[in-house]
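**Q** Provide a 3D model corresponding to the input given below.
(chains A and B, ligands or ions: 5)
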There are 2 protein chains.
Amino acid sequence: MKSFIQVSPESHFPIQNLPYGVFKPDPDLQPRPAVAIGDYVLDLSVLADAGLFNGPLLSGSDCFNQPTLNKFMGMGRPAWKEARATIQKLLSEDEPTLRDNTNLRERSLVPMSKVEMLVPMTIGDYTDFFSSMHHAKNCGVIFRGPQNPINLNWYYLPIAYHGRASSVVISGTDIVRPRGQCPPSGDSLPSFGPSKKLDFELEMAAVVGPGNKLGTCIDINNATDHIFGLVLMNDWSARDIQGWEYVPLGPFLGKSFGTTISPWIVTLDALEPFACDAPKQDPPPLPYLAEKTSKNYDLQLEVQIKPSGQEPCVVTKSNFKHLYWTVTQQIAHHTINGCNLRPGDLFGTGTISGPEPESLGCLLELTWNGQKPLSLNGKSRTFLEDGDEVTFTGVCKVCHHHSLGPNENLRLAINLTVV
Amino acid sequence: MKSFIQVSPESHFPIQNLPYGVFKPDPDLQPRPAVAIGDYVLDLSVLADAGLFNGPLLSGSDCFNQPTLNKFMGMGRPAWKEARATIQKLLSEDEPTLRDNTNLRERSLVPMSKVEMLVPMTIGDYTDFFSSMHHAKNCGVIFRGPQNPINLNWYYLPIAYHGRASSVVISGTDIVRPRGQCPPSGDSLPSFGPSKKLDFELEMAAVVGPGNKLGTCIDINNATDHIFGLVLMNDWSARDIQGWEYVPLGPFLGKSFGTTISPWIVTLDALEPFACDAPKQDPPPLPYLAEKTSKNYDLQLEVQIKPSGQEPCVVTKSNFKHLYWTVTQQIAHHTINGCNLRPGDLFGTGTISGPEPESLGCLLELTWNGQKPLSLNGKSRTFLEDGDEVTFTGVCKVCHHHSLGPNENLRLAINLTVV
Ligand SMILES: [Ca+2]
Ligand SMILES: [Ca+2]
Ligand SMILES: [Mg+2]
Ligand SMILES: [Mg+2]
Ligand code: NI
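**A** Ligands and ions are numbered 1, 2, ... in the order given. The predicted structure follows:
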C-alpha cells in the first residue's frame, strides 16, 4: 500500500504506521488528534468535521474533536480498526477524496515541522515495570553483588511501582537536573545538592485503551484489547537520590522530576507484522499470567547522546523483544487484585537491556555505576552532563526499503537550573 | 458564632467547621460543591447562582459550578478565606439573607441523609508517606527484628511512595478482597488466592491547593498555602501480597485495590484553633526541611470494626499530632527535585500510630502480624474478615460542648467477591 503523499524510504511514518498524537497547529488554537504521515500531521478533527469517519462506530462520535485521545482510546479495538481503515483509505494513492480536494488537503495536512506536539492523553496513572531480566540482573550485581542478583519474586511476577503522572512530559521538554539528598558516606550527614548521577532509562510504554471496573480483573488472553499502542519513554533517573531514598518503599524523587514520552503512539495493528515470540519463561508463570500465545515485537531501539556543541554518539542498541514479562502479562498482573485501569494510563516496560554489553539500557549499566566510563567523542563519560541531548529511536524493519518507525526521534535537552 | 441552623452539640459540622465536599442531590443531577452544616449539605452552586459570593475573588467565578473542587482548590488561600467568610456569614444566626429566604433555603440546604457524596476532586497523583515514627519502628521490629528497626534514611527524609489514584474511592464504597500472590514457604511455589491478611491503615491525607511548575520547588515556609485541607483516609493493605512484592520497588498490588477517603475536606482555617507543636526532630532536618514553626493538629482519631451482624468495637485511638514529619515538610520534600504538584493531589500521612499499644494504626501492629489476636465481641481476631465495616472518626475538641469533627464517619463494608 502506498500513499499519494510522498514518503521518503527513511521516514518513520509510512502509510503502514499511522501513529496517533495530539498537536497544536498554532499556539492560539485548541489541541486536536492527528496521525503522522511522511513529513505531515493529518488533522483528524478536520476529517471528522468533513464527515469522513462514516463507519458505524465513528460516525457521529466527537472522539476526534477532543483535546486528548482518551475518548478514542476508551472506545476499543473495533473503533481503532475502523479509524485505521478509514485513514489508510483516505491517504492511499488510489483514493481521490482527499487526494483531489485541495482545500481539504490544505486544511488537514500540516507540515510536522510547524506544529507543537503535546502529551496526547490525560494520564490518570503511570506505572513503571521492571521487565527486562538483563536489566534486573545487572542492577542486582551492581548493588548487591553477583550472588543471587535477582530477587526470587522477580521470576514470579512482573515487579512494578507507581510512578508520577504529573511530570510526564513530551519529547523536547527541557529536564531540570533535580536536587536532593544523597547517601552519607561514613559518619557524615547525607549530602544535598544537584544530582551527580543523572541517567536515562531506555523504555517503551504501553498506553491503555478501555479500562476495567474497580474490583474486577482483566484476563490475560483478553489483555491485548486493552492496549491502544506503544510510545518510547525515557524514565530519567537520579541514581544518587534513588539510592538513598528507595528502601523500603521504592523509587520516589529519584524518578519523579520528569519522564519523557514520544509524541506518537504506534498502534498494535501497525506493529503486528513485527510480532515475535516472547522469551520462554522458567519457572512457568502462575495460571493468571500464562497466556495462550506470548508475543513481543522485534523493534530495534537506539540511544544517542549529543553533548552540548558536539556530535551525537550512539551509546546503546537494544530491542523491545528482550522483555521477559510481556505487556499483556503486565496488564493481567496489574489488575489481578481488582485495581482499575483507565484509558490513557501509561505502563512503562522498565529499562530494556539486552544480553550484550552494547545493548544495556541506561548509563548505570553501561558504565557499571560510573566505574567504567564510556568514551563520547573521545571524552570520558559516566553520567549525563548539563546540555546533553538524549535521543531515543525505535524502528521495525522488514528490509532496507521498508521501515516502520514507531516514533520520531526523542530529543531531550538537559539543562542545569539552579533554583 | 452560631448558625440559624440547629446543630446538635455532638455534630461534627458546626459553623466553625464547614468542610468542603461534592454531592449529587439526585442520581440524575450533576455533582456540585457543598459544605456540611449540621445535618445538611449546603449547595454552593445555588449560592453562586444567586450571586451571594460577591467578594473580589469569587464574584464572577464559576468555581462552584463545577463537578469537582479542583478549580476552587487551585485559587489559593485568599479565595478560600473569602469563601469561608461569606458562607459563615450566610449561615450565622444574625444574617437574614439565607435565614429568611424560604425558597433559597429549600433549594440550597439538602438533608445529608438524602444525598450521594462523591470523591470531591480529580486526583492527578496520590502519594503516601510513612511519617509516624511509631509505625515505622513497629513495622521494622515485626519484619526485621529489634535491632535498628528504622532505616537511617527515615530520620533524614519523609519517606514516601506513589500510590494508585484510580482506586481512591469515597467512604461507603465496598472494597473487594484482593487476590494475588503470597510468599512461598520453603521450596514451594508462591501461593495464589484471596488475601488472608487484609488490613486497614489509619491515615489522614492532605489535599493540595495551588501546585507548582515542573522544575521548581515549594519553599517549606510557604508550604501551608499549598494545602487546601485534610481528609480521613483508609489505605487498605493486603499484608501477604505486599510482603512478597515490595522488594525492591515498594508496595504495589498490596495497596492499589482500594483507598478510601472521607467525603468532607476540613480546611486548615477550621483546624487552626487546634494547632499544636510538632515533635522535636533529632537529628535536625536539613535546611530545606527546617521550618520556622513546625505544626501538627491535636486531632483525635478512632477506629471501630463492626463485624457482620455484630456490634462495633473500638480497636484503636490515635492522634494526628503523633506525626513526626509534618505535611509542610512532606510538600517541601516532594517538590525539592522539581516535581510538580497539581490542585487535588492527595498526600497520605502514612499510618498514624501513637506510642501506646492502644494507639496503633493498623491490625499489623495491633495484632503483631497476627501473633497476638485482638478480641472483638469476645471473638479472637487477627485481620479483616468479609463483611466487616471499618469506621474512622476524627474529632478536635475544645470542650465538651464544642467539637469539630473533620468528617462524618468512614464506613466501609468489605465483601469477598470471587471473580
Ligand atoms: Ca524505569
Ligand atoms: Ca499507608
Ligand atoms: Mg522518570
Ligand atoms: Mg490503598
Ligand atoms: Ni520492502
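**Q** so A:His162: helix, strand or coil?
**A** strand (DSSP: H, G, I helix; E, B strand; the rest coil).
**Q** report the separation between the residue lying closest to A:Cys182 once chain neighbours are set aside and A:Phe143.
**A** Ranked by C-beta to C-beta, 6 or more residues apart in numbering or on different chains and with sequence neighbours excluded, the top spatial neighbour of A:Cys182 is A:Asp240, at 4.2 Å. No exception for glycine: its C-beta is placed from N, CA and C like everyone else's. A:Asp240 sits 13 Å away from A:Phe143, going by C-beta to C-beta, to the nearest Å.
**Q** the two: who's more crowded?
**A** Using other C-beta atoms under 10 Å in any protein chain shown, the more surrounded residue of A:Asp240 and A:Phe143 is A:Asp240, with 23 against 12.
**Q** tell me if that one really is in a helix.
**A** Yes. Assigned with three-state DSSP, A:Asp240 falls within a helix.
**Q** ok, it - contacts?
**A** Contacts for A:Asp240 (C-beta atoms under 8 Å, 6 or more residues apart in numbering or on different chains) come out as A:180, A:182-183, A:195-197, A:254.
**Q** which one of the residues you listed is nearest to ligand 4?
**A** Minimum distance to ligand 4 across the contacts of A:Asp240 is 22.7 Å, recorded for A:Gly254 (C-beta to the ion).
**Q** does the closest one touch A:Gly243 like I think?
**A** Yes. Contact status for A:Gly254 versus A:Gly243: in contact at 7.5 Å, counting by C-beta atoms under 8 Å.
**Q** kindly check the end-to-end length of stretch A:196-203 for me.
**A** 22 Å (C-alpha to C-alpha, to the nearest Å).
**Q** same question but for stretch A:20-29, I mixed them up
**A** Distance across stretch A:20-29, first residue to last, is 19 Å (C-alpha to C-alpha).
**Q** buried ones in that stretch?
**A** A:20-23, A:25 (16 or more other C-beta atoms under 10 Å in any protein chain shown).
**Q** by residue count, tell me the biggest helix in chain A.
**A** Across chain A, the helix with the greatest residue count (assigned by DSSP state H) is helix A:77-91.
**Q** now do the same contact list for the closest residue in space to A:Leu374 that isn't next to it in sequence.
**A** Of all residues not flanking A:Leu374 in the chain, A:Arg381 sits nearest, at 4.9 Å (C-beta to C-beta, 6+ apart). Going by C-beta under 8 Å, 6+ apart, A:Arg381 touches A:305, A:307, A:367, A:373-375.
**Q** the residues you listed: which two are farthest apart?
**A** Greatest spatial distance in those: A:Pro307 and A:Thr367, 14.9 Å, computed using C-beta to C-beta.
**Q** how far away is the residue in the stretch 301-419 of chain A that ligand 3 sits nearest to from A:Ala206?
**A** Residue nearest to ligand 3 within the stretch 301-419 of chain A (C-beta to the ion): A:Gly348, separated by 8.5 Å. According to C-beta to C-beta, A:Gly348 and A:Ala206 sit 8 Å apart.
**Q** ok, now A:Ile352?
**A** Distance of A:Ile352 to A:Ala206, given as C-beta to C-beta: 13 Å.
**Q** do A:Lys114 as well
**A** Look at A:Lys114 and A:Ala206: by C-beta to C-beta, they are 30 Å apart.
**Q** and these two? Which one has more around it.
**A** A:Ala206 (27 against 11).
**Q** now check the helix or strand that contains that one, is it near chain B?
**A** Following DSSP states H and E, the helix or strand that holds A:Ala206 is strand A:202-208. No. Counting by C-beta under 8 Å from any C-beta of the partner chain, no contacts exist between strand A:202-208 and chain B, the nearest distance being 10.3 Å.
**Q** stretch A:112-127 now?
**A** Yes. Using C-beta under 8 Å from any C-beta, stretch A:112-127 reaches chain B at A:124-125.
**Q** measure that stretch end to end?
**A** 30 Å.
**Q** hang on, the earlier thing: which one of A:Gly254 and A:Gly243 has more residues nearby?
**A** It is A:Gly254, of A:Gly254 and A:Gly243, that has more neighbours when counted by other C-beta under 10 Å, with 26 against 17.
**Q** grab the nearest non-local neighbour of that one.
**A** A:Gln242 (2.8 Å).
**Q** near ligand 1, which residues of chain A are found?
**A** Neighbours of ligand 1 within chain A, by C-beta under 5 Å from the ion: A:128, A:201, A:235.
**Q** what is the nearest of the residues you listed to ligand 4?
**A** Among the residues of chain A next to ligand 1, A:Asp128 lies closest to ligand 4 (C-beta to the ion), at 18.4 Å.
**Q** so what's that closest one up against?
**A** So A:Asp128 contacts A:160-163, A:203, A:235, A:255, A:348, A:350 (C-beta under 8 Å, 6+ apart).
**Q** also A:Ser61?
**A** Contacts of A:Ser61 by C-beta under 8 Å, 6+ apart are A:48, A:53, A:71, A:75, A:79.
**Q** mind checking which of these land in helices?
**A** Reading helices off the contacts of A:Ser61 with DSSP H, I get A:48, A:71, A:75, A:79.
**Q** out of those residues, who's nearest chain B?
**A** Proximity of those to chain B (C-beta to the nearest C-beta) peaks at A:Lys71, which lies at 16.0 Å.
**Q** quick one, strands of the stretch 51-200 of chain A?
**A** Secondary structure of the stretch 51-200 of chain A by DSSP state E, counting those that start in this stretch: the strands cover A:109-111, A:116-118, A:126-129, A:160-163, A:168-170, A:175-176, A:179-182, A:191-194, A:198-199.
**Q** picking up where we left off before, and the residue of the stretch 301-419 of chain A closest to ligand 3, how many neighbours?
**A** A:Gly348 has 27 neighbours, counted by other C-beta under 10 Å.
**Q** distance of it relative to ligand 4?
**A** Noted for A:Gly348: a distance of 21 Å to ligand 4, by C-beta to the ion, to the nearest Å.
**Q** with adjacent residues omitted, what lies nearest to that residue?
**A** A:Asp128 is the one closest to A:Gly348 (C-beta to C-beta, 6+ apart), at 3.9 Å.
**Q** let me know the secondary structure of whatever residue of the stretch 251-400 of chain A ends up closest to chain B.
**A** Nearest residue of the stretch 251-400 of chain A to chain B, counting by C-beta to the nearest C-beta: A:Asn337, 3.6 Å away. At A:Asn337, secondary structure determined by three-state DSSP is coil.
**Q** how about the residue lying closest to it once chain neighbours are set aside, phi and psi?
**A** The spatially closest residue to A:Asn337, leaving aside those adjacent along the chain, is B:Pro178, at 3.6 Å (C-beta to C-beta, 6+ apart). Phi and psi for B:Pro178, reported as degrees, to the nearest 10, are phi -80, psi 150.
**Q** give me the pLDDT value at B:Pro178.
**A** Looking at B:Pro178, its pLDDT stands at 95.
**Q** check the one 5 residues further on too.
**A** The pLDDT attached to B:Pro183 in the predicted structure is 92.
**Q** from A:Ser132, how far out is the residue nearest to it when sequence neighbours are not counted?
**A** Counting by C-beta to C-beta, 6+ apart, B:Pro183 lies nearest to B:Trp244, which is 4.3 Å off, once chain neighbours are set aside. Relative to A:Ser132, B:Trp244 is positioned 21 Å away (C-beta to C-beta).
**Q** my read: the residue of the stretch 251-400 of chain A closest to chain B touches B:Ala238, true?
**A** Yes. Between A:Asn337 and B:Ala238 there is a contact under C-beta under 8 Å: 7.2 Å.
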